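>>> This is a predicted model, with the sequence first.
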Amino acid sequence: MDSKLSSFRKRVYELFPASSSGQQPASDTLNLGSSGPIGGYSAIADNAIQLSLASLKEGSALAGKIPYIAPIAGLLLQALTIRDEVKQYKGECEDVIQKLIRVAGLVINVGQSCQTHNLNEGDLPAGLRAILKSLQSELDGIKHVLEECSKVRGVRSLLLRKDLLGKIKKYDARLANALEVFQAELLLDIRFTQIADRRDGPRAIPTEITMWAFSIRVYPVNVNVFLMLPRSVVQPAIAPPLPQIFFGRDTELAHIIHIIFTKIASRPARIAILGPGGYGKTTLANAVLGHDRIQEHFRDARYFISCESASSSDALLIQLAKTLGLVMGSPDTLWPQVQATLNSKETILCFDNFESPWDQSDETKRSVEVLLSRITALRRVTVLLTMRGAERPGQTEWTRPFLEPLGTIDLNAAKEIWIRISGHYDSFSEQLIVAVDCVPLAVDLLAHLSQVTPPMLLWEEWNSRRTKLIKKGEMNRLSNMEYSIQISLDSHRMVANPLAKGLLGILSTLPDGLHIKQLNKFKGILTDMDMMSCLQALQQCSLINLIGDRYQPHPIIRQFCNNRGFTSSTHKTALEEFYISLASLDVERAAPEAYAEMVLEANNTKAMLSGLLKSNSGNQSRLINAIISFTEFCMNIGDFSSTLLDHTVQLPLENSDDATHLIKCLRVWGRLCYSADDMETAKKKFLEAERQCLSSPVDVGDLHGYILTDLGLVYLSQFLLNEAETTYKKALEIFQANQNISGQGSVHYGLGKIYLLLGKLIDAEASYQKALGFHINAGDIIGQGNDHQGLGDTYLRMDKLAEAEVSYKKALEFQKMANHIMNQGNAHRGLGHIYRRLNKLDEADISYHKALELDMASNNLFNLGIVHQGLGETYLLMNKLNGAEASFQKSLEVKKAANDVLGQGIAMNGLGRVYMERSQLEEAKSMFEEALKLHKQIKATTYEQDDQLCLDDVLDQMRSALK
């Protein structure tokens, strides 16, 4: 083997002769003239290179001995062939193509030498073998990029320009680095026996000298090598300056400094700063290196190693050696120097953008981890690294407690950054900061833009361009937010799992992301996707987080991904079908599991329905019915947004079905406003729906009746009892004509409420019982629950407390069956009233608090006021006057917000009684007078009488006090 290797090295020396004057290659070598089709190379040389590569590709004898030479030659040949087809980005690709030709020349030299001297893989230097293997994956990536560039045309080229140019730049940097390492391995591992002296001709050099510093200019087939004196030293790199604008990372900085100095005597720290791109990892690392304690302890042994262009362990080692100021050489000879230097004194190393060498093929990743573990095993070296993602490299024991991956900074810190850069700050500045979720890089770039463009105009631009706006340069991770995000999307882990990008697109369309309970459901929807594998890849690359129980993209990633076509049409169709089916479920009849799923997916369902409305595609009739059903569900969980309905009613009316849909939308809109205690708007929607019924070209029948019963409830809430009774009677005529049993039950329920308000308790009981009979026959679950609730209220007024308790418990049972949160709160409220009247004050307190919890969940302001009133009455009986006063005040606030005049008067009456107990007679008198005034205003006779009795009582006490 020694003779073979000696011959190989001799051949390499012959191909790379030294020159005293930098003259052109000898005449017997290929002439690579100064002009030609690509980068100055002649067509003759170009053809010669391609012929040589073709020969190596087809060399069967060589393939058996050095298996990766032929594939590399094949990839080079394909890449150089594709280059002639590149039209749109020819200029941008030229640097890459020139480097490809240089690599081709080196590969040809190695391959031909191996053939000539009959070398096997084991005969090659270890470093050279590693470089050839890593070169294969780089060339494969370059070939694909050139193929993409050759295929794009017209408008598509504009859409893909940024993505393709970013890839070209990335591979250009990687190829330059690979070329440098390739050359170092090829030249400096040779034991030179002779070199040409620049002045005196050849002179003998001891054979034991294994490494020389070098400077080379590479040509494809022949190389001029200028050997310099041994042991030339490169100046060590200077640590970056302390960041002048540094806000929002004080906690992380303090954590890192504490870890470094806590165990520095026994075990130097190994700390990984993780997180998404643009979150300030490098800035934090520089703040660590520039910290006073770090400077004092490590002095000039603070090194910042940029790993951005390194794509292998050898390249990383060379970059480290350069930073330390060491003599260049092959990786095998460099490590002892690096080790000796790092062992000589206490040192802190910061490897920045460590994902570049680490996030590669498994073999490359392992070799990088091995190198890192050798460094972190040194007892005098503190290691800090920054890398995109949420996963720390293996084979190193990282110091605990781990530094959590960086999140966004808080609003105050973002504001400080903006002011320091821009010099001014206004409401539009804050809107921009909030819109980008306080991501440090985005805030920085927008603040720079605001120096020349007013934030108001930037805000307008943001609303149309989104993340495209956030840049102050083109292809640089620190000056272009989209380019920074694209780096993560182009990472090896994402490329290795192409469906992960599709899942990211899906998650970006879902505002609540993916709940872990829904994983199995989504596996059934996205059948061709390995969900766990995709989620892991996205988490590893810090493109999504598990927030609580939901997988969610970072907000700025979501902005970037939307409308980029990451989601396939197949997946999109499957998701739309799932969410329309979910929205269409009848909330009253949904099984508990289905209802729980509806709650989990509420915001996602709304977003999907909204998107379908805007797209104006698919089955519009089915979509509208789904929106109506979904709105009923939203009312139940306290979501009273009318955005979906607002868009739905604007759809053009093309046929009679559309007219019916409009009426249904207006009705559910009115019900939504009623649930939100917006009675005036509810009345307008119901009246408009009734007008549409009367002018409809088709008979809407029962729908008209239900609109009237809903309108009756509005009149009841406004104490317009005559109008309510008239409306219910009109509805009853419609339902009787159509033999609608459930509708007739709803009318009798409404009449029962009228009689209850009028104090006609016998009539109220009869109406509720009649309503219950109709609803039982119709199988109307919610109707039965409402009827039992009405009976409970009636029995409570009759002082039939046992019957009232039974009715409220039955009401609760039916409302649970119907998944009706708001009405469950009503039932618990009624039980609270019962227990208070029975002087079971602890049970009353529990029931009222259950009602509060449900009313808050359903955003039921009306009931909240009543429950606070009940708690006030309970605390008054318990002589907890402060608690009673607080509850009555809360009730008053809620009733004012709901414009509930009756409830306001009742709350004021309660406050008056608290003040009477405290002997605050003037305050009590004022409250009773206000309550009486309000109740007279709405002619609430029963409550007027109570107010007057209380007022008379306080006046008697005031007169007694004067005697």
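Perfect, thanks for sending it.

>>> Helix, strand or coil: sort out I348 for me.
Secondary structure of I348, reduced to three states by DSSP: H, G, I helix; E, B strand; the rest coil: strand.

>>> distance of it from A237?
Computed as Cβ to Cβ, to the nearest Å, the I348 to A237 distance reads 13 Å. Just so you know, the C-beta spots here come from the backbone N, C-alpha and C atoms, and that holds for glycine as well.

>>> what do you get for T386?
With distances taken as Cβ to Cβ, T386 is found 16 Å from A237.

>>> Over to V338?
Computed with Cβ to Cβ, the distance linking V338 and A237 is 14 Å.

>>> Check Q920 too.
Separation of Q920 from A237 (Cβ to Cβ): 77 Å.

>>> And for R797?
Using Cβ to Cβ, we find R797 at a distance of 86 Å from A237.

>>> and K729, how many neighbours?
Taking other Cβ atoms under 10 Å as the criterion, the count of residues near K729 is 13.

>>> For the stretch 551-700 of the chain, just list every one of the helices.
Using DSSP state H, counting those that start in this stretch, the helices found in the stretch 551-700 of the chain span residues 555-561, 569-583, 592-600, 602-615, 620-636, 643-648, 656-675, 679-695.

>>> in the fourth one, what counts as buried?
By neighbour count with 16 or more other Cβ atoms under 10 Å, helix 602-615 contains the buried residues 602, 604-609, 612-613.

>>> Off-centre distance for that helix?
A distance of 18 Å separates the centroid of the chain from that of helix 602-615, by Cα atoms, centre = their mean, to the nearest Å.

>>> between that helix and helix 592-600, how big is the angle?
Between helix 602-615 and helix 592-600, the angle formed by their directions is 70 degrees, by axes from the mean of the first three to the mean of the last three Cα atoms, to 10 degrees.

>>> Can you work out which other helices and strands pack against helix 602-615?
Here helix 602-615 touches helix 499-509, helix 569-583, helix 620-636, helix 643-648, going by 3 or more Cβ pairs under 8 Å, 6 or more residues apart in numbering; DSSP states H and E.

>>> outside of it, which residues touch it?
Where contact means Cβ atoms under 8 Å, 6 or more residues apart in numbering, the residues beyond helix 602-615 that reach it are 509-512, 575-576, 579-580, 582-583, 598, 618, 623, 626-627, 630, 633-634, 637, 639, 641, 643-644, 647-648, 651.

>>> Put the buried members of the residues you listed into a PyMOL selection.
Written as a PyMOL command, the selection of buried residues from these, which uses 16+ other Cβ under 10 Å, is:
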select buried, resi 509+510+512+575+576+579+580+582+583+598+623+626+627+630+633+634+637+639+644+648+651
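
>>> wait, what's in contact with K468?
K468 makes contacts with E482, as judged by Cβ under 8 Å, 6+ apart.

>>> for it, helix, strand, or coil?
Judged by three-state DSSP, the three-state class of K468 is helix.

>>> ok, back up a step: what is in contact with I348 and A237 at once?
Between them, I348 and A237 share these contacting residues under Cβ under 8 Å, 6+ apart: Y303.

>>> More neighbours: these two, which one.
More neighbours surround I348 than the other of I348 and A237, with 22 against 16 (other Cβ under 10 Å).

>>> show me where the stretch 401-550 of the chain has strands.
Along the stretch 401-550 of the chain, counting by DSSP state E, counting those that start in this stretch, strands occupy 514-515, 544-547, 550-553.

>>> For the ones you listed, give me CSV that also has mean pLDDT, mean neighbour count and distance to K170.
Formatted as CSV, those follow (pLDDT from 0 to 100; neighbours: other Cβ atoms under 10 Å; distance: least, Cβ to Cβ, whole Å):
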stretch, mean pLDDT, mean neighbour count, distance to K170
strand 514-515, 98, 22, 30
strand 544-547, 94, 18, 23
strand 550-553, 97, 22, 23
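
>>> Could you export those to a markdown table, including columns for distance to R913?
Shown next, in a markdown table, are the strands of the stretch 401-550 of the chain (distance: least, Cβ to Cβ, whole Å):
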| stretch | distance to R913 |
| --- | --- |
| strand 514-515 | 48 |
| strand 544-547 | 48 |
| strand 550-553 | 48 |
